[in-house]
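# Below is the sequence, then the predicted model.
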Amino acid sequence: MAGRDVPFSFSSLDSSISSLKNCQTYVDTGMDIATGVALDLLQSGCDTVDVESMESVMLEYAAVNRDLNNYIKAVEETIGKLKQKSPEEIPNLKDLVQERYSTLQSKNNDDELRRTDKFIQFKEQLRDLRKQMGMPSEEPDVDLDEDEDIAVTQSIDNFICAITQVEMVNPVKNKVCGHSYEKEAIEKMIQDRHKKMKLARCPRIGCEYHDVQIPDLVPDTALKRAIEVHNKKPSR
């Protein structure tokens, strides 16, 4: 009889794993909010320390996400092994999962938190917003006076979509080559090319990336904010 109860217990655990995976959505949402707050702080001219505090928040979220992934992995691997053995009695899953989880956690390296996609995108958005708004970068201070007008002109050029040739409203950034386009325009271009069984080349002149995919595109929040700020400024 005990053996017959095991599948039922595993089925219940599968449902619990799904609930844990849903928690990852909340972590992603938290990281998106933290990115938005950091961009707001930067855009409003707040002290660098305030902006950097959001970097710490992002790293904390990344650590939570890593720990959550390790726990889910520990549960899934433990259940997988038990299902293969078809135990006659329900084992102490808590201890088995904790043992596997501890093993996975022992391999953690905090440097890897800075290499997660969300954190990299966070740093890129801050860097791009500083660039688009003509702000000093995080690099050592340099004299920007002579290059100010050139930088502003280059930024304005970056506001124009290579496909529509008009200023972007909802820009997305290609994670592969780094170029940005109007979301609707680039998605339509990709879909049209794929219908013809052809690759979609990046429309930016000089770019050699020849296989743009919709999953490559992420919202370019920094560029969108820079365009909005520029449009609010009185013309000189």
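Done, it's in.

# Show me the shaky parts of this structure.
Low-confidence segments of the chain, defined by pLDDT under 70: 1-13, 86-90, 136-157, 233-236.

# per-domain residue ranges of it.
Under automatic domain parsing, the residue ranges defining each domain of the chain are 2-129, 146-232.

# Would you check how far apart residue 78 and residue 18 are?
From residue 78 across to residue 18, the span is 16 Å (C-beta to C-beta, to the nearest Å). C-beta: built from backbone N, CA, C; applies to glycine.

# Now the residue most central in space within the chain: closest residue in space, sequence neighbours ignored.
With distances taken as C-alpha atoms, centre = their mean, the residue of the chain nearest its centroid is residue 118 (3.1 Å). On the basis of C-beta to C-beta, 6 or more residues apart in numbering, the spatially nearest residue to residue 118 that is not a chain neighbour turns out to be residue 31, at 4.8 Å.

# Please apply the same query to residue 27.
Residue nearest to residue 27 in three dimensions, not counting chain neighbours: residue 65, with 4.7 Å by C-beta to C-beta, 6+ apart.

# Residue 105 too?
According to C-beta to C-beta, 6+ apart, the nearest residue to residue 105 is residue 70 (5.8 Å).

# Neighbours of that neighbour, how many?
Here the neighbour count serves as a burial measure; for residue 70 (other C-beta atoms under 10 Å) it reads 18.

# How is it classified with respect to secondary structure?
When states are read from DSSP: H, G, I helix; E, B strand; the rest coil, the local structure at residue 70 comes out as helix.

# Enumerate every residue touching it.
With contacts taken as C-beta atoms under 8 Å, 6 or more residues apart in numbering, residue 70 has the following neighbours: 101, 104-105, 108.

# if we can go back for a sec, the residue nearest to residue 27 and residue 101, how far apart?
For residue 65, the distance to residue 101 - C-beta to C-beta - is 15 Å.

# Same question for residue 135.
With C-beta to C-beta as the criterion, residue 135 and residue 101 are 43 Å apart.

# so the residue nearest to residue 27 makes contact with residue 29?
No: in this structure residue 65 lies outside contact range of residue 29 using C-beta atoms under 8 Å: 11.5 Å.

# what's the next secondary structure element after the host helix or strand of residue 84?
Taking DSSP states H and E as the definition, residue 84 sits inside helix 48-85. Using DSSP H and E, the helix or strand that directly follows helix 48-85 along the chain is helix 93-105.

# and that next one, how far from the chain's centre?
Using C-alpha atoms, centre = their mean, to the nearest Å, we find the averaged C-alpha position of helix 93-105 to lie 29 Å away from the chain's own average C-alpha position.

# Alpha carbons of that helix, in CSV - could you do that?
Only the C-alpha atoms of helix 93-105 are listed here, as CSV (Å, rounded to 0.1, in the frame of the first residue of the first chain):
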residue,chain,number,x,y,z
LEU,A,93,12.4,14.3,1.1
LYS,A,94,13.2,17.4,3.2
ASP,A,95,16.6,16.0,4.2
LEU,A,96,17.4,14.7,0.7
VAL,A,97,16.5,18.0,-0.9
GLN,A,98,18.4,20.0,1.7
GLU,A,99,21.5,17.9,1.1
ARG,A,100,21.3,18.4,-2.7
TYR,A,101,20.5,22.1,-2.2
SER,A,102,23.5,22.6,0.1
THR,A,103,25.8,21.0,-2.5
LEU,A,104,24.5,23.3,-5.3
GLN,A,105,24.8,26.4,-3.0
